[in-house]
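Enquirer: A structural model of the following input is requested.
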Amino acid sequence: MSSLARIAVDAVAVLAGFLISYEIRERVIPATFITASAEPVTKYLEGAIAFTLITLLVFWRLGLYQRRGSVLNLWELETALKGMAVASAIFFAVLFLDQRVAYSRLIVVGAMAIGTFLVIVSRQIVSAIIQRLQVSGRMGHRVLIYGCGATGRLLMKKIVESPQLGCTVAGFLDDAAPIGREIACRISQTESEPFKAPVLGRGRQWERVIREHDISELLLSCAVSPDLRLDILQYARENDLKVGIVPHLDDQRVDDVYVEDLSAIPVLRPRSSRRQSRLFYRVAKRCFDIVAAVFLTILTAPVWIIAAIVIPLESPGPVFFEQERIGQGGRPFRLLKFRSMWRDANPYALSPVGDRDQRITRSGRVLRMLGLDELPQMLNVLRGDMSLVGPRPEMPFIVERYTAHQRQRLEAKPGITGPWQISADRHAAIHENLEYDLYYLRHQSLALDALILLETAFFTCGLAFSALKRIKRRPTDATATSEAVRAGSFLLVALDQRRRDGVPATWSRLVPAVCRAAQLLPVRVLVAPDNVARFDELLYNTTREGRAEYELYTSQTHLYSLVRSAGLVLTDLPHVVRWGEKAGIGVFAIENDGVRWIAGAEDVPGSVDILTALFSPALATEPEVLAEAADGDRRSAPRHARLQHQSLELQSDGRLSGS
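Expert: Next up is the predicted model:
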């Protein structure tokens, strides 16, 4: 169905290109430029149909009507762009050989240019419509994913963002995650609600789940026992079930390996982002960067003038905000932006959550909402530190922690825009979504750069439209706080994993409250493998509406990395409290004599009030909250952390092993 829709839309787009080009030639272009009138439109009908058929055949030959997914559909769009160029060349050759009809060159060239634009735009619109139908379950064959770990979630994301695959994720099988828990995946930057797929059962229940949920494809994203794999393959052959096995190569990311056909023998190989940089591409890209940066700077000159006046008036200080970033080859440079925060704001603190952060000025809020604070980076482009398109540059202290795999993104010159910037994962950490940058590194071309710039233009228009809607809506403080908490980082719940008999009171009282918190912000619960069944019992009836996720405990190093990446921590483990303090992360420290709130370097406004309101009933009274700096020195509590000071007795009948 999706292939037929694309064929029809492509045909209409190419024909419309001819019609629009003819109308522009006849009605829009002044007569002073062209004296002679073109032939009647019926004379161009034969040529329009011929060009349409040539285009459809070229698209079919290039595989544009087959099921294939790519990052942000960039392969599809880039191939369509190349296909239009090939079809145009063939059509010109046909016109040269066939001298029976003389077409206006202006109309033909205009038809090709307009048709190319319409094909790109219409394919994006069709993809968006098909994606909406598929994520709602009204279209596409149903896929079941075995394993909801990192690989399983990556699979879901790839399926959701590739509507041309013609499938939708019905759910997951997993032996650790709570049954009924929903795995979330952002659809796009403009969609407020993510796509969610539930955990439908355990691995041993695969056959029942396939029958009950009308599954037509099963993808194995994690290792399973040989016996189970044989049973699944046997069932697939007998019941017309499609089965896919995701290949793994030690610690390589699954999207960083590929299968090579070696004389009909599949060979698994790791990908390499290294690609010989072509001299022509480098020179052409640099020339385009300079010309485009000068043009855009002149075009946006009024914005520069207004910003230069308004920013110092509201907050005395420099107009530009400078920050050290890491560029190509690991070389540092000074990145420029219009200053959108107060002058005394820490330039290397966590980025503001949304546009209602108290560090942001009123003029800065407008600049950020419209995406205009990035304009001064045109100067970085002219200086050669950046390009218009490329991986987004990161700060030095983040790059210092890069793995060898993550350092690959430093092989290209950083850009103002790029695949990650226009993706649904823009709000997540850059280095945690490497597939966008790695795709760009492996497929750099002028056509790809042009497509990303076009997508960025569409995205900027959508951003401005969304900003106007937000201004018109003017949400209440409660709504704004809820949105800020929801957009913040995750809450890590690390309860003591030792136990004697029964379920500890710490679990019984706090876990249900944690599940309610999961309806407001992402929550990850640390669970030792031996305690999964216990947590299943506590979480089964309370996590269906939230986003509570399991983090299976593997080592102290694993736990430490979780603490470092969390936004808030709830724990009764002293060493986790120390780690949170050292990292400057807000910590709810559960102790024998009460609960302490240890303020982090950057806490989401309102988050403490919301979480305290949830946890206090579970603990029978308000906690005593002390605001402390990350280095351990006492300081005044921020306004949102000033709570009632009452003592709290936590009954803890034993502790669980594993941490």
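Enquirer: per-residue pLDDT, Asp256?
Expert: Looking at Asp256, its pLDDT is 72.
Enquirer: so what's the residue lying closest to it once chain neighbours are set aside up against?
Expert: Excluding its sequence neighbours, the residue lying closest to Asp256 (C-beta to C-beta, 6 or more residues apart in numbering) is Arg271, at 5.1 Å. Every C-beta, even on glycine, is put in place using the N, C-alpha and C of the backbone. Arg271 makes contacts with Asp256, Val257, Tyr258, Leu438, Arg442, as judged by C-beta atoms under 8 Å, 6 or more residues apart in numbering.
Enquirer: Could you export those residues as TSV, including secondary structure and distance to Pro247?
Expert: TSV is the format used below for the contacts of Arg271 (DSSP: H, G, I helix; E, B strand; the rest coil; distance: C-beta to C-beta, whole Å):
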residue	secondary structure	distance to Pro247
Asp256	helix	11
Val257	strand	6
Tyr258	strand	9
Leu438	helix	17
Arg442	helix	18
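Enquirer: And the residues you listed, which two are furthest apart?
Expert: Comparing all pairs in the contacts of Arg271 by C-beta to C-beta, the longest separation belongs to Val257 and Arg442, at 13.1 Å.
Enquirer: higher neighbour count, those two?
Expert: The neighbour count for Val257 versus Arg442, taken as other C-beta atoms under 10 Å, is higher for Val257 (16 against 13).
Enquirer: any idea how far Met369 is from the more buried one?
Expert: In this view, Val257 and Met369 are 40 Å apart by C-beta to C-beta, to the nearest Å.
Enquirer: go on, Ile179?
Expert: Computed as C-beta to C-beta, the Ile179 to Met369 distance reads 41 Å.
Enquirer: Can you pull out the low-pLDDT segments for the stretch 501-650 of the chain?
Expert: In the prediction, the stretch 501-650 of the chain carries residues with pLDDT under 70 at positions 501-506, 508-509, 511-512, 519-520, 533, 536-548, 592-594, 600-650.
Enquirer: same thing but at 80, please
Expert: Applying pLDDT under 80 to the stretch 501-650 of the chain picks out residues 501-522, 529-555, 557-558, 561, 564-565, 583-584, 591-650.
Enquirer: can you check the stretch 301-450 of the chain too?
Expert: Residues of the stretch 301-450 of the chain that meet the criterion pLDDT under 80 lie in 343-359, 369-371, 404-405, 424-434.
Enquirer: now with 70?
Expert: Scanning the stretch 301-450 of the chain with the threshold set as pLDDT under 70 gives 346-358, 427-429, 431-432.
Enquirer: Find the centremost residue of the chain, please.
Expert: Nearest residue to the geometric centre of the chain (C-alpha atoms, centre = their mean): Asp425, 1.3 Å.
Enquirer: Not counting sequence-adjacent ones, nearest residue to that one?
Expert: Across the structure, with C-beta to C-beta, 6+ apart as the measure, the residue nearest Asp425 apart from its sequence neighbours is Asn433 (4.4 Å).
Enquirer: That neighbour - how many residues pack around it?
Expert: Counted with other C-beta under 10 Å, the burial measure for Asn433 works out to 18 neighbours.
Enquirer: ok, now the one 4 residues further on?
Expert: By the other C-beta under 10 Å criterion, the neighbourhood of Asp437 contains 27 residues.
Enquirer: per-domain residue ranges of the chain.
Expert: In the assignment given by automatic domain parsing, the structural domains of the chain cover 2-133, 140-246, 279-470, 485-641.
Enquirer: for those, which one sits closest to Pro266?
Expert: Using C-beta to C-beta as the criterion, the shortest distance between Pro266 and the domains of the chain is 11.0 Å, found for domain 140-246.
Enquirer: Now that closest one: average pLDDT?
Expert: The average pLDDT for domain 140-246 rounds to 87.
Enquirer: got the contacts of Arg271 as CSV, with distance to Thr361 columns?
Expert: Converted to CSV, those look like this (distance: C-beta to C-beta, whole Å):
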residue, distance to Thr361
Asp256, 42
Val257, 47
Tyr258, 48
Leu438, 37
Arg442, 41
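Enquirer: Closest one to Gly140 out of those residues, please.
Expert: After measuring the contacts of Arg271 against Gly140 - C-beta to C-beta - the closest member comes out as Tyr258, at 25.3 Å.
Enquirer: what sits against that closest one?
Expert: The neighbourhood of Tyr258, defined by C-beta under 8 Å, 6+ apart, consists of Leu268, Arg269, Arg271.
Enquirer: Tell me where the stretch 101-250 of the chain has strands.
Expert: Assigned by DSSP state E, counting those that start in this stretch, the stretch 101-250 of the chain shows strands spanning 141-146, 167-173, 182-185, 195-201, 217-220, 242-245.
Enquirer: Let me know which of these is the nearest to Arg362.
Expert: Shortest distance between Arg362 and the strands of the stretch 101-250 of the chain, using C-beta to C-beta, is found for strand 182-185: 33.1 Å.
Enquirer: and the closest one, what does it pack onto?
Expert: helix 150-160, strand 195-201 (3 or more C-beta pairs under 8 Å, 6 or more residues apart in numbering; DSSP states H and E).
Enquirer: so can I have TSV of those showing mean neighbour count?
Expert: What follows is these, written out as TSV (neighbours: other C-beta atoms under 10 Å):
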stretch	mean neighbour count
helix 150-160	21
strand 195-201	22
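Enquirer: I'd like these as TSV, with distance to Leu559 appended.
Expert: Output for the helices and strands packed on strand 182-185, formatted as TSV (distance: least, C-beta to C-beta, whole Å):
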stretch	distance to Leu559
helix 150-160	17
strand 195-201	23
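Enquirer: out of those, nearest to Asp449?
Expert: Distance to Asp449, taken as C-beta to C-beta, is lowest for helix 150-160 among the helices and strands packed on strand 182-185, at 23.2 Å.
Enquirer: With just CA atoms, put the closest one into PDB.
Expert: Provided in PDB are the C-alpha atoms of helix 150-160 (Å, rounded to 0.1, in the frame of the first residue of the first chain):
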ATOM      1  CA  ALA A 150      19.200  -1.100  24.400                       C
ATOM      2  CA  THR A 151      19.100  -3.100  21.100                       C
ATOM      3  CA  GLY A 152      15.400  -3.700  21.400                       C
ATOM      4  CA  ARG A 153      14.700  -0.100  22.000                       C
ATOM      5  CA  LEU A 154      16.900   0.900  19.100                       C
ATOM      6  CA  LEU A 155      15.000  -1.500  16.900                       C
ATOM      7  CA  MET A 156      11.700   0.100  17.900                       C
ATOM      8  CA  LYS A 157      13.100   3.600  17.200                       C
ATOM      9  CA  LYS A 158      14.300   2.500  13.700                       C
ATOM     10  CA  ILE A 159      10.900   1.000  12.900                       C
ATOM     11  CA  VAL A 160       8.900   4.100  14.100                       C
END
